[in-house]
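Enquirer: have a look; sequence and predicted model below, questions after that.
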2 protein chains.
Amino acid sequence: MTRIRFHQSLGDLKDKLLVMAGMAEQAIQRAIEAYRERDLSICDLVLRGEVAINRLEREIDQMALDLLAMEQPMAIDLRFILAVIKINADLERVGDQAVNITERVRDLLGFATADLPIDIPRMANIAAAMVRKAIQSFIEGDVEMARSVLAMDDDVDRLNRQYFYSLATRIRENAGESPQSLNALVIVRNLERVGDHATNIAEDVIFWVQGDDVRHHISASVAGLQKIIPATSQDTESPDNTEPA
Amino acid sequence: MTRIRFHQSLGDLKDKLLVMAGMAEQAIQRAIEAYRERDLSICDLVLRGEVAINRLEREIDQMALDLLAMEQPMAIDLRFILAVIKINADLERVGDQAVNITERVRDLLGFATADLPIDIPRMANIAAAMVRKAIQSFIEGDVEMARSVLAMDDDVDRLNRQYFYSLATRIRENAGESPQSLNALVIVRNLERVGDHATNIAEDVIFWVQGDDVRHHISASVAGLQKIIPATSQDTESPDNTEPA
């Protein structure tokens, strides 16, 4: 394989990942539309889309593996291919979350509509935008944009906590509608996981562009914890040789 | 790097992954001990362990990347290194689930002990055993053992569904204890995710050993769906070119 042909293949790989990302984002949007409209036929669309997402995931993995096997990619290309493999897995799991949401919608259809003190479409819009922005940052190799995804995840986490307590309160005050509240609670957590997957993607982009592993550097809580716990007072089971070489 | 030295490095990589797996499994067991004993100091242990897990994850990723960059690994070695990268990510997320569980335990400590109609330690034991068995199948390159992990995940999924309905019923009948029930519900879902990560690991082992991508082949529901939906009636957004080349 010539180097030009190799770079064409990298381009093909990127294109396929973009298709995958579009399908994953659409799956989330459809799942939420199914929730809003209480529409079983949209749930079926999501399930059918999931089959296509799973097939494309396998195809992308195989392409990436072939490129690694046939060439000795240079450092930047190697990181790119590894980023594709990781992003691919996260996108497939975004699709899984969409399917999980439709399962809750199916259950909800057995109960009357409840007016719950939360805004699921709002949370879904943020989560879907995170996936879109994470992929856009990947296309453009834009580290600043990738970092903005990490900031959006704070919004999603805040909504997740807020909605948890709103629904917990609601359940106490209106136990008769607890099936509706419980299903909504699970959907909220599914959306929070979509945000986590978008965050993973953004971190992979930063890793790909900068060769810098940002994971666990950006989390304020862990950063705080690392200050509290000096490296010398590590937990007993932590190996002595975990310092980067 | 000589080939002997290269294979020594692969061995080192495997050893580090085993340490990582032990830490992840221990994190889950400690989180559940914290739940059972209502013990904040065990929650702190889990948080400190998470810092060590995150550091080791970075180190393993870097080792794998270096091996890919320095050598042109043969097909089986390439698949092994890719399996390590994926397994590593799943183990780190098992650690995240342990931390999530401790957050629920902290919240639970604000309420009286409730006698709930579910057995969280039982579910945790299965989930932890799945992680252990998945890693053991990796060490031994044992596909049959990896497949047994996929079967265990069915048990975890069944418990997840069963406990969801038990807790939903409980909440309706005893709204006063709904904070306890809700926190238990979230812990149950965290354990279900641990089972999913172990399943991912088992699938990676099968892929590594056989070069066969089992993902999405083993799921009865998806297999059933693929029968229902012929390839010719794909969803509109599915690309025309998703058939493996």
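Expert: That came through fine.

Enquirer: any weak-confidence spans in chain A?
Expert: With pLDDT under 70 as the threshold, chain A has low-confidence stretches at A:1, A:71, A:211-245.

Enquirer: in it, which spans are helices?
Expert: In chain A, helices defined by DSSP state H lie at A:3-37, A:40-70, A:75-108, A:120-140, A:143-173, A:178-210, A:220-228, listed in chain order.

Enquirer: want to throw those helices into TSV with mean neighbour count?
Expert: To be clear about C-beta, it is placed using only N, CA and C from the backbone, and glycine gets the same treatment. As requested, these are arranged in TSV below (neighbours: other C-beta atoms under 10 Å in any protein chain shown):
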stretch	mean neighbour count
helix A:3-37	18
helix A:40-70	20
helix A:75-108	21
helix A:120-140	20
helix A:143-173	18
helix A:178-210	24
helix A:220-228	12
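
Enquirer: could those helices go into a markdown table alongside distance to chain B?
Expert: A markdown table is the format used below for the helices of chain A (distance: least, C-beta to the nearest C-beta, whole Å):
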| stretch | distance to chain B |
| --- | --- |
| helix A:3-37 | 5 |
| helix A:40-70 | 4 |
| helix A:75-108 | 6 |
| helix A:120-140 | 15 |
| helix A:143-173 | 5 |
| helix A:178-210 | 5 |
| helix A:220-228 | 6 |
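
Enquirer: nearest to B:Asn190, out of those?
Expert: Each of these was checked against B:Asn190 via C-beta to C-beta, and the shortest separation belongs to helix A:178-210, namely 9.7 Å.

Enquirer: same for the closest one, what does it pack against?
Expert: Under the contact criterion of 3 or more C-beta pairs under 8 Å, 6 or more residues apart in numbering or on different chains; DSSP states H and E, the helices and strands touching helix A:178-210 comprise helix A:3-37, helix A:75-108, helix A:120-140, helix A:143-173, helix B:143-173, helix B:178-210.

Enquirer: cutoff 7 Å now
Expert: Based on contacts counted as 3 or more C-beta pairs under 7 Å, 6 or more residues apart in numbering or on different chains; DSSP states H and E, the elements that helix A:178-210 packs against are helix A:75-108, helix A:120-140, helix A:143-173, helix B:143-173.

Enquirer: the most centrally placed residue in chain A - nearest residue in space that isn't next to it in sequence?
Expert: To find the centre residue of chain A, average its C-alpha atoms and take the closest one (C-alpha atoms, centre = their mean): that gives A:His197, at 2.0 Å. Spatial nearest neighbour of A:His197, excluding adjacent residues (C-beta to C-beta, 6 or more residues apart in numbering or on different chains): A:Asp90 at 4.2 Å.

Enquirer: is that neighbour in contact with A:Glu203, as I believe?
Expert: No: counting by C-beta atoms under 7 Å, A:Asp90 sits too far from A:Glu203 to count as a contact (9.9 Å).

Enquirer: for B:Leu10, find the nearest of the helices of chain A.
Expert: Among these, helix A:40-70 sits nearest to B:Leu10 (C-beta to C-beta), with 15.6 Å.

Enquirer: what's near enough to touch the nearest residue to A:Ile85 once chain neighbours are set aside?
Expert: Counting by C-beta to C-beta, 6+ apart, A:Ala64 is the residue found nearest to A:Ile85 once chain neighbours are left out, at 5.1 Å. By C-beta atoms under 7 Å, 6 or more residues apart in numbering or on different chains, the residues touching A:Ala64 are A:13, A:81, A:84-85.

Enquirer: ok, now A:Leu40?
Expert: A:Leu109.

Enquirer: list the residues that contact the nearest residue to A:Asp96 once chain neighbours are set aside.
Expert: The shortest distance from A:Asp96 to any residue other than its chain neighbours is 7.5 Å, reached at A:Glu50 (C-beta to C-beta, 6+ apart). With contact taken as C-beta under 7 Å, 6+ apart, A:Glu50 is in contact with A:27, A:95, A:99.

Enquirer: kindly reformat the residues you listed as TSV containing distance to B:Ala127.
Expert: Below are those laid out as TSV (distance: C-beta to C-beta, whole Å):
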residue	distance to B:Ala127
A:Ala27	26
A:Gly95	23
A:Val99	21
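
Enquirer: quick one: the closest residue to A:Ala75 other than its chain neighbours and B:Met63, what's the gap?
Expert: Taking C-beta to C-beta, 6+ apart as the measure, A:Ala75 lies nearest to B:Ala69, with 5.8 Å between them; neighbours along the chain are not counted. Relative to B:Met63, B:Ala69 is positioned 11 Å away (C-beta to C-beta, to the nearest Å).

Enquirer: check A:Ala52 too.
Expert: Counting by C-beta to C-beta, the gap between A:Ala52 and B:Met63 amounts to 35 Å.

Enquirer: just A:Ile201 next, same as before
Expert: 23 Å.

Enquirer: try A:Met70
Expert: Separation of A:Met70 from B:Met63 (C-beta to C-beta) stands at 23 Å.

Enquirer: could you do A:Asn183 as well?
Expert: Taking C-beta to C-beta as the measure, A:Asn183 and B:Met63 are separated by 43 Å.

Enquirer: A:Asn125 now?
Expert: With distances taken as C-beta to C-beta, A:Asn125 is found 40 Å from B:Met63.

Enquirer: before we move on, what about A:Asp39?
Expert: 49 Å.

Enquirer: repeat for A:Asp142
Expert: 28 Å.

Enquirer: same thing with A:Phe207?
Expert: With the distance defined as C-beta to C-beta, A:Phe207 ends up 15 Å from B:Met63.

Enquirer: and for A:Ala202?
Expert: Applying C-beta to C-beta, one obtains 23 Å for the distance of A:Ala202 from B:Met63.

Enquirer: CA atoms of stretch A:122-141 as PDB?
Expert: What follows is the C-alpha trace of stretch A:122-141 in PDB, where atoms were taken according to Å, rounded to 0.1, in the frame of the first residue of the first chain:
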ATOM      1  CA  ARG A 122     -33.700  19.700  27.400                       C
ATOM      2  CA  MET A 123     -31.200  17.300  28.900                       C
ATOM      3  CA  ALA A 124     -31.300  15.100  25.700                       C
ATOM      4  CA  ASN A 125     -30.500  18.200  23.600                       C
ATOM      5  CA  ILE A 126     -27.400  18.900  25.600                       C
ATOM      6  CA  ALA A 127     -26.300  15.300  25.500                       C
ATOM      7  CA  ALA A 128     -26.900  15.000  21.700                       C
ATOM      8  CA  ALA A 129     -25.100  18.400  21.200                       C
ATOM      9  CA  MET A 130     -22.100  17.000  23.100                       C
ATOM     10  CA  VAL A 131     -21.900  14.000  20.800                       C
ATOM     11  CA  ARG A 132     -22.100  16.300  17.700                       C
ATOM     12  CA  LYS A 133     -19.500  18.700  19.100                       C
ATOM     13  CA  ALA A 134     -17.200  15.900  20.100                       C
ATOM     14  CA  ILE A 135     -17.300  14.500  16.600                       C
ATOM     15  CA  GLN A 136     -16.900  17.900  15.000                       C
ATOM     16  CA  SER A 137     -13.800  18.500  17.200                       C
ATOM     17  CA  PHE A 138     -12.500  15.200  15.900                       C
ATOM     18  CA  ILE A 139     -13.000  16.200  12.200                       C
ATOM     19  CA  GLU A 140     -11.400  19.500  12.700                       C
ATOM     20  CA  GLY A 141      -8.700  18.300  15.100                       C
END
